[in-house]
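Undergrad: Fold the following and give me the result.
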Amino acid sequence: MSCNKVLVEDFDSVRVVTINRAQQRNCVDKDVAEHLIEAFESFDQDDSLKVSILTGAGGNFCSGADLKAISEGRGNKVTVEGYGPLGVSRIRLKKPTIAAVEGYAVAGGLELALWCDLRVASESAIFGVFCRRFGVPLVDLGTIRLPRLIGQSRAMDMILTGREVKASEAYEFGLANRVCSNGQALETAVELAHELSNFPQKCMYSDRLSAIEQWDLSEKDAILNEIKRGLEVIMSGETLSGATEFSKGKGKHGTF
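TA: As a prediction, the model looks like this:
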């Protein structure tokens, strides 16, 4: 499954997917986009894997689409239907994904980070809509996910100005969920992924999808969807099992 441009490694229940074009700051061409699709779709279908991580090689996360390829007429396809230009941006996984960000996560790279459920950023991380200066639009759902994540006002600031947002500021307004020392983003993300892997999975997956699906629904329908998903978890037996464990002393007083 791995190729020289996209590396795939599985560590117990965690899959790590690395964009491996360090000299190009991990920009995404057609090959990378296709291999990202393959890596994450196979992750979602593998019951032994519970959480995935997306990261980049060589000290940067991703600088977006390969502009050289675009200039030479080899750019990624932009279509109304099907996969996104960067591959995975339109895929809705049933399991969580964490972005481990070192260095630049800009333009389409920012959009890939937004596609992930959580973002772990090192102190060196820089986010931004750098494609503003080149006339390259956000077409991997950046104009949708960024306002929903950090609010319309902050999103407009980033989208219109294309300015860089460092890790500390990104953490302040919720773009980054964790900030760690330089060089530690992947290690921190792996630790977080293993924490998530230890929870009852049916319940976590269901709550995650309910939180995503509510954006498409009216309040009334979102309430019904949450109840429906919750009942499915309860009927699976996972809730009874967890309640029994709690009654025996597991997880009391805030322990995990």
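
Undergrad: C-alpha from now on. contacts and neighbour counts both.
TA: Fine.

Undergrad: can I get the CA coordinates of the helix or strand encompassing R15 in PDB?
TA: Taking DSSP states H and E as the definition, R15 sits inside strand 14-19. Extracted in PDB, the C-alpha atoms of strand 14-19 (Å, rounded to 0.1, in the frame of the first residue of the first chain):
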ATOM      1  CA  VAL A  14      -3.200   3.100  14.900                       C
ATOM      2  CA  ARG A  15      -2.500   3.800  11.300                       C
ATOM      3  CA  VAL A  16       0.100   6.500  10.500                       C
ATOM      4  CA  VAL A  17      -0.100   8.000   6.900                       C
ATOM      5  CA  THR A  18       2.900  10.200   5.900                       C
ATOM      6  CA  ILE A  19       3.100  12.400   2.900                       C
END
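
Undergrad: Could you list the buried residues of the helix or strand just after it?
TA: Following strand 14-19 in sequence order, the next helix or strand is helix 30-45 (DSSP H and E). For helix 30-45, the neighbour count (16 or more other Cα atoms under 10 Å) marks 30, 32-37, 39-41, 43-44 as buried.

Undergrad: just so I have it, where are all the strands in the protein?
TA: For the chain, the strands defined by DSSP state E cover 6-11, 14-19, 51-56, 97-101, 104-106, 118-122, 126-128, 165-166, 178-180.

Undergrad: Give me the contacts around the third one.
TA: For strand 51-56, contacts defined as Cα atoms under 8 Å, 6 or more residues apart in numbering pick out 13-22, 26, 40, 43, 61-62, 95-102, 116, 186, 189-190, 193-194, 196-197.

Undergrad: Repeat the analysis, applying 6 Å as the threshold.
TA: 14-19, 61, 96-100, 193 (Cα atoms under 6 Å, 6 or more residues apart in numbering).

Undergrad: Most neighbours out of these, which is it?
TA: Among the contacts of strand 51-56, F61 has the most neighbours (other Cα atoms under 10 Å), with 33 neighbours.

Undergrad: Touching, that one and A100? I think so.
TA: No - shown here, F61 and A100 do not form a contact pair, counting by Cα atoms under 6 Å, at 7.4 Å.

Undergrad: Residue nearest the middle of the chain, spatially speaking?
TA: Nearest to the geometric centre of the chain sits C116, at 1.0 Å (Cα atoms, centre = their mean).

Undergrad: wait, isn't that residue in contact with I98?
TA: Yes - using Cα under 6 Å, C116 is in contact with I98, at 5.4 Å.

Undergrad: just to revisit the earlier point, next, the angle from the strand holding R15 to strand 51-56.
TA: Put simply, strand 14-19 runs at 20 degrees to strand 51-56, going by axes from the mean of the first three to the mean of the last three Cα atoms, to 10 degrees.

Undergrad: still on that earlier bit, between the contacts of strand 51-56, which sits nearest R154?
TA: The closest of the contacts of strand 51-56 to R154 turns out to be A99 (Cα to Cα; 20.6 Å).

Undergrad: On the pLDDT front, check that closest one for me.
TA: Reading off the confidence values, A99 has pLDDT 98.

Undergrad: And it, how close does it get to E238?
TA: Distance of A99 to E238, computed by Cα to Cα, to the nearest Å: 28 Å.

Undergrad: Could you export the contacts of strand 51-56 as a markdown table, including distance to K166?
TA: A markdown table is the format used below for the contacts of strand 51-56 (distance: Cα to Cα, whole Å):
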| residue | distance to K166 |
| --- | --- |
| V14 | 28 |
| R15 | 27 |
| V16 | 24 |
| V17 | 24 |
| T18 | 22 |
| I19 | 21 |
| F61 | 14 |
| P96 | 24 |
| T97 | 22 |
| I98 | 19 |
| A99 | 16 |
| A100 | 15 |
| A193 | 24 |
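
Undergrad: remind me which residues of the stretch 151-256 of the chain are low pLDDT?
TA: Across the stretch 151-256 of the chain, the ranges flagged by pLDDT under 70 are 249-256.

Undergrad: Swap in 90 and give it another go.
TA: 230, 233-256 (pLDDT under 90).

Undergrad: distance between the ends of stretch 118-130?
TA: 21 Å.
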